[in-house]
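**Q** Below are the sequence and a predicted model; questions follow.
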Amino acid sequence: MMDDFNLIPLVPEIFIAFVAMGLLIVGVFHGNSSARVVSWASVLGCVIAIILLLGLSWSPQTALNNFFVFDKFSGFMKLILLIGVISSLALSVRYIIQEGMERFEYPVLILFASLGMMFMLSANNFLALYMGLELQSLSLYVLAAFHRHSRKAAEAGIKYFLLGALSSGMLLFGISLIYGFTGSIDFDVVGSALTGLEALPLGLIIGLVFVLAGLVFKISAAPFHMWTPDVYQGAPTSTTAFFAIAPKVAAMGLLIRLLMEPFGALSEQWVQILYFVSVLSMVVGSFAAIVQEDIKRLLAYSSIGNMGYALIGLVAGGPQGVSAVVLYLLIYMISTAGVFAVVLSMRRQGLSATKISDLSGLSKTAPGLAYAMFILMFSISGIPPLAGFFGKLLIFNAAVAEGYYVLATFGLLTSVVAAFYYLRIVKVMFFDDVQDPLDAEVPFARRFILAVVLCFVIGFVFKPMPFIHMADNAVSPFFAGQVVVTEQAE
Amino acid sequence: MEGFPLLSVIAFSPLAGVLALLMIRGAPEVVALNSKRVALFTSLFPLIGGIFMYLFFDGQSADFQFVEDSGWLKALGFRYQMGVDGISMFFVLLSVFLTPICILSAWEAIQTRVREYMVAFLILETLMVGTFCALDTVLFYVFFEGVLLPMFLIIGVWGGPRRVYASYKFFLYTLLGSVLMLVGMLVLYAQTGTTDIRVLMENPVASHLQYWLWLAFFASFAVKMPMWPVHTWLPDAHVEAPTAGSVILAGVLLKMGGYGFLRFSLPMFPEASAYFTDFVFVLSVIAIIYTSLVALVQEDMKKLIAYSSVAHMGFVTLGIFTATMQGVQGAIFQMLSHGLISGALFLCVGVVYDRLHTREMARYGGIVKNMPRYATVFMIFMLGSVGLPGTSGFVGEFLVLLGTFQVHTVYAALAATGVVLGAAYMLMLYRRVVFGPPAHNDALAMPDLSLREFWILAPLVVLVLWLGVFPNQVNNKIAPSVERLISLYQTGQPVDVRAVDNEGQLAN
């Protein structure tokens, strides 16, 4: 594969890089007043990147001396990632202006973070992985602290940075151990070196554990979740929206590739780890959220729990399980975008309000928002016939098919606990009286995103197959040797 | 009717009404009035569809009829399959019959957020019909569980003072039971490779799995039913829910549990069902006697009827698990009759509640003088609930006791005491509210039934009496399906047990 200098698969990344740098220059010349233009230009850039992405050939190909791989999986994950980036950019334009953070660096940083995430999804080498991850993380640290004058935001940024640096250190340590035992950082070489092993050296296992710990931190699953609630709460809400939507997709995609390809032979080892992580995340995500007063904190715990559910699919493994994870991520991302469209619109007298009690009586003051939130909350808690139910259904179906009865039962029971706090939001909006009405103004971009999200969440039940096929297709590169997915039981 | 998706039309026509409701514009009063009209009009379509279904239904056949089958989640093997047999058809009829009544009964009682209320009821109707028609386990689950959403809102938004507590309790209890059933369904699918209810009914799973699966499904249906000791959500939900919510809850939602036992537990896990029979019998008898006693000491009319519902549902579970022709038929009949009678009783309570805004029995008394028509109608339903011959309540209870007697005399005897207790609390309710010393002037000043109220209750009176006098109209159509159910249950028993049972069957 060392033959040609093929940059074609990188075209979307290169394009995003140019857009980001170009917009940086525009911003420098026109000052902060250009923030709005730069934001919408970034959205446009992402749209064009999607078109470029769709124009590529999605058959597996590598580039940059096997540094970079492009196949159906990375293509699909990049697609949903970019959609997530677009929606979070569109959601935040009005917010950064209202909050006085109208600076052109904001959208540019989001673009750089997205660039890092796209590299993560295409990494075929531990060095590429690390580079992508750090490009993403460094941009995210700044974004978390973007509200310079807010103490909370600064605190969130520092916390995120310190813990993030720690996790990157663990990741690097793990990578170096793996390099030491296999002699390579190339995914393909590591994969074939691990396949032949008879007895696993202890150091290699430690390396695996460290790498996983580093990545589990990035998807904010327990027990490496501590940063999540603080960062979600402290960061500006628009940043939180971005945190909740995009990095999860990227980190999970990276994790899937890592576990399927280089570490595929070690599945017996990592399944145990992920089993534990998944159970712990579900417990933390459901129980700790009950006592939260702040909706951003609550959503942080909700995301922890949701990552726990997604990991069930990875534990189950196989085409069915992994495809369920991809679909789950897609549904989770879309619903989260909708939820944040509502949360970003929670303002009172020009100030952002993020307490759950601020929502009281919303169904009377802003019925549209309240019903949207109602549907989204029930979708995330997995009540049929909404989309979230099908995400969970496929995950648990995969788990049960592989014999993980206990894990599936446990997951469903914690989802009942989780339903309790989602219900609480609905209760506050619908059953409580209005205390202090929120400003009911919702900008067009948010309304549009909310409408699209709701159409998806409600309409999924009527036409679920296309999405399931997409997810099946996306994971097909990992199971090329096996019979293609789930066409059974006819 | 070949090829016409009748069941889908019945199930999904309310959704068209929902879309229409969302488009209504104008001043709040106009929206409210138009919403009511649109909702009522829409709810007539499923009713007409239901009548067609009844007329074209082949009562001789035990097969599923009006079957529809199309893709949906087909790569996973989950299909959109709808169909009714003799058992489910009547539940569909019950649902489409009660919905217009509920909408009418809310005409004046609901003053706030009328449009949303109507949307909730129409969505609820879709989900209820879907639950009884679904022939795929996952599809069934989608409908069955989806019911929670509108019902949660109905109790929580338009309910009484403790509505938040009641709606939470309702939601979480039911959800907890249901997720266990979902695990059971997925295990069933993993083991058999199909979610087709018809196939699963014919091919029971391996016996070591049956016990676990039976328990998983039982968790869901027992809560929904509700059986003692997981019934405690019901009195709360009933008391707090608005009248129409109580009607639909008692009339249809409780029947989903019984329907689930008939559709899943008995045919799919026959061995486990036989094994757990005594367990169910004990719970049922406790439910009958204990909740009847509890009902005796209630001061709140709705709470009394709610407890009586639990007792009546005890008869249903008793009848189902006798797995005899009479027992099962009686259980189904009892469910239908209870759907009508308890729904009507809640409507009767609603009538006086709308006038005096209290459900306390002591606040009424002697209203037979000023409300003679009301007293008459109320009496019919009260006697129906007691199980007086000539009303539908009698047929169900009698058949259940007959079936139980063949299987186990002691349980039958204990259950029969429930009939006596039932008479005690219902007569007490009637005496204190309708007769009794005329103590309160405001109660005596209440006007009699309005024309609307009369026409809401009239069809129920007719049906209760008609079913009481001509029960075979229903029983004959149920019979083939019940026969097949019982034969599936019998063939599912291990060989040695089956031999004994067959002898018993012949002796009858």
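**A** Nice, thanks for sending it over.

**Q** can you map out the strands along the chain?
**A** Picked chain A for this. A:61-63, A:68-70, A:347-348, A:351-352 (DSSP state E).

**Q** Actually, chain B is the one I wanted.
**A** Per DSSP E, chain B carries strands over the ranges B:65-70, B:80-84.

**Q** Switch those strands over to TSV; also include mean neighbour count.
**A** Using the backbone N, CA and C atoms, a C-beta is placed for each residue, glycine as well. Formatted as TSV, the strands of chain B follow (neighbours: other CB atoms under 10 Å in any protein chain shown):
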stretch	mean neighbour count
strand B:65-70	16
strand B:80-84	22
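
**Q** Quick one: closest of these to chain A.
**A** Minimum separation from chain A across those (CB to the nearest CB) falls at strand B:80-84, 9.7 Å.

**Q** got a list of contacts for the closest one?
**A** B:5, B:7-8, B:11, B:53, B:57, B:64-72, B:92, B:130, B:132-136, B:139, B:196-198 (CB atoms under 8 Å, 6 or more residues apart in numbering or on different chains).

**Q** Quickly compare the strands of chain A and say which is most buried.
**A** Among these, ranked by average contacts under mean count of other CB atoms under 10 Å in any protein chain shown, first place goes to strand A:68-70 (a mean of 25).

**Q** May I see the buried residues of stretch A:434-454?
**A** Across stretch A:434-454, burial judged by 16 or more other CB atoms under 10 Å in any protein chain shown covers A:438, A:442-443, A:445-446, A:449-450, A:452-454.

**Q** Could you list which of those also contact chain B?
**A** Among the buried residues of stretch A:434-454, no residue is within reach of chain B (CB under 8 Å from any CB of the partner chain).

**Q** Which single one of those residues is nearest to chain B?
**A** Among the buried residues of stretch A:434-454, and counting by CB to the nearest CB, the member closest to chain B is A:Leu454, at 12.2 Å.

**Q** Quick check, the residue in chain B closest to chain A?
**A** Counting by CB to the nearest CB, chain B gets nearest chain A through B:Gly77, at 3.4 Å.

**Q** isn't that residue right up against B:Ala190?
**A** No - checked against CB atoms under 8 Å, the pair B:Gly77 and B:Ala190 is beyond contact range at 10.7 Å.

**Q** In helices only, show me the buried residues of stretch A:434-454.
**A** A:445-446, A:449-450, A:452-454 (DSSP state H).

**Q** Mind pulling up the pLDDT for residue 330?
**A** All of this refers to chain A. Here the pLDDT value assigned to A:Leu330 is 93.

**Q** wrong one, I was asking about chain B
**A** pLDDT recorded at B:Gly330 is 91.

**Q** Once you drop chain neighbours, what's closest to it?
**A** B:Leu399 (2.7 Å; CB to CB, 6 or more residues apart in numbering or on different chains).

**Q** Could you count how many residues lie near that neighbour?
**A** For B:Leu399, the count of nearby residues is 25 (other CB atoms under 10 Å in any protein chain shown).

**Q** and the gap between it and B:Trp214?
**A** B:Leu399 sits 25 Å away from B:Trp214, taking CB to CB, to the nearest Å as the criterion.

**Q** go on, B:Ala415?
**A** Look at B:Ala415 and B:Trp214: by CB to CB, they are 23 Å apart.

**Q** So which of the contacts of strand B:80-84 reach chain A?
**A** Near chain A, by the rule CB under 8 Å from any CB, you find B:71-72 out of the contacts of strand B:80-84.

**Q** Mind checking which of the contacts of strand B:80-84 are in helices?
**A** B:7-8, B:11, B:53, B:92, B:130, B:132-133, B:139, B:197-198.

**Q** now, among those residues, which is nearest to A:Pro107?
**A** B:Leu139 (44.5 Å; CB to CB).

**Q** what's the nearest residue to the closest one if we skip its chain neighbours?
**A** B:Tyr80 (6.2 Å).

**Q** just checking, B:Glu68 touches B:Pro5?
**A** Yes - at 5.2 Å, B:Glu68 and B:Pro5 qualify as touching, with contact defined as CB under 8 Å.

**Q** Need the contact partners of the lowest-mean-pLDDT helix or strand in chain A.
**A** When the helices and strands of chain A are scored by mean pLDDT, DSSP states H and E, strand A:351-352 comes last with a mean of 80. Residues from elsewhere that reach strand A:351-352 (CB under 8 Å, 6+ apart): A:95, A:98-99, A:237, A:346.

**Q** rerun at 6 Å
**A** Strand A:351-352 has contacts (CB atoms under 6 Å, 6 or more residues apart in numbering or on different chains) with no other residue.

**Q** now do stretch B:91-103
**A** B:39-40, B:43, B:46-47, B:50, B:121, B:125, B:128-129, B:132, B:244, B:247-248, B:251-252, B:255, B:259, B:336, B:339, B:343, B:456.

**Q** where exactly do the helices run in the stretch 301-450 of chain B?
**A** Taking DSSP state H, counting those that start in this stretch as the criterion, the stretch 301-450 of chain B contains helices spanning B:301-322, B:325-356, B:372-386, B:392-407, B:409-433, B:441-444.

**Q** can you list the ones you listed in JSON lines and add distance to A:Glu261?
**A** Listed next are the helices of the stretch 301-450 of chain B as JSON lines, based on distance: least, CB to CB, whole Å:
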{"stretch": "helix B:301-322", "distance to A:Glu261": "53"}
{"stretch": "helix B:325-356", "distance to A:Glu261": "56"}
{"stretch": "helix B:372-386", "distance to A:Glu261": "67"}
{"stretch": "helix B:392-407", "distance to A:Glu261": "61"}
{"stretch": "helix B:409-433", "distance to A:Glu261": "62"}
{"stretch": "helix B:441-444", "distance to A:Glu261": "78"}
